[in-house]
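K.L.:
what follows is a predicted protein model with its sequence.
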Amino acid sequence: MTVAGTREPFETGQPDFYKVKSVTIRADETNTGNLYLGDSNRVSATDYSYILAPGESVSLDTVGLPPECYIDLTQMWIDADTNLNALSFIALTWASPW
């Protein structure tokens, strides 16, 4: 996150590459404010799906859903309380059936 209050897409690029079965997103421990995750470009400190304080994480998965279900990281957005906050993520995917 470069500038607080400026929404950014979680990922951009090849859409099929970012269709995952599970993902864990972690706010960096050195962040000085919260991160806000959402499913639209309206994400903000007052409109979000998940809030991550420094060092916190959230995991999303499609366990128990049909095989064709996935999480599309290009549809996730991020905002932050303060400038230069960071996050990391790890995702599980496999050869795409679509």
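P.N.:
Ah, there it is. Numbering: from 1, shown residues only.
K.L.:
least trustworthy helix or strand in this structure by mean pLDDT?
P.N.:
When the helices and strands of the chain are compared on mean pLDDT, DSSP states H and E, strand 8-9 comes out lowest with a mean of 83.
K.L.:
where do the strands sit along this protein?
P.N.:
For the chain, applying DSSP state E gives strands covering 8-9, 19-20, 22-27, 35-38, 50-52, 57-61, 71-72, 77-80, 87-92.
K.L.:
re earlier: which neighbours in the sheet does the least confident helix or strand of the chain have, and how are they oriented?
P.N.:
Strand 8-9 has its sheet partners listed here by DSSP bridges as strand 77-80 (antiparallel).
K.L.:
quick one: distance of the partner strand to the chain centre.
P.N.:
Counting by CA atoms, centre = their mean, to the nearest Å, strand 77-80 is centred 8 Å from the centre of its parent chain.
K.L.:
give me the contacts around it.
P.N.:
Residues outside strand 77-80 that contact it (CB atoms under 8 Å, 6 or more residues apart in numbering): 1, 4-10, 31, 33-45, 48, 87. Every C-beta, even on glycine, is put in place using the N, C-alpha and C of the backbone.
K.L.:
make it 6 Å
P.N.:
With contact meaning CB atoms under 6 Å, 6 or more residues apart in numbering, strand 77-80 is reached by 1, 4, 7-10, 33, 35-38, 41, 43-44.
K.L.:
most surrounded residue in the residues you listed?
P.N.:
Of those, Leu35 is surrounded by the most neighbours, 27 neighbours in total, counting by other CB atoms under 10 Å.
K.L.:
ok, it - contacts?
P.N.:
Shown in contact with Leu35 (CB under 6 Å, 6+ apart): 27, 52, 80, 85, 87.
K.L.:
can you put those residues in JSON lines and add pLDDT?
P.N.:
As requested, these are arranged in JSON lines below (pLDDT from 0 to 100):
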{"residue": "Ala27", "pLDDT": "95"}
{"residue": "Leu52", "pLDDT": "95"}
{"residue": "Ala80", "pLDDT": "92"}
{"residue": "Asn85", "pLDDT": "90"}
{"residue": "Leu87", "pLDDT": "90"}
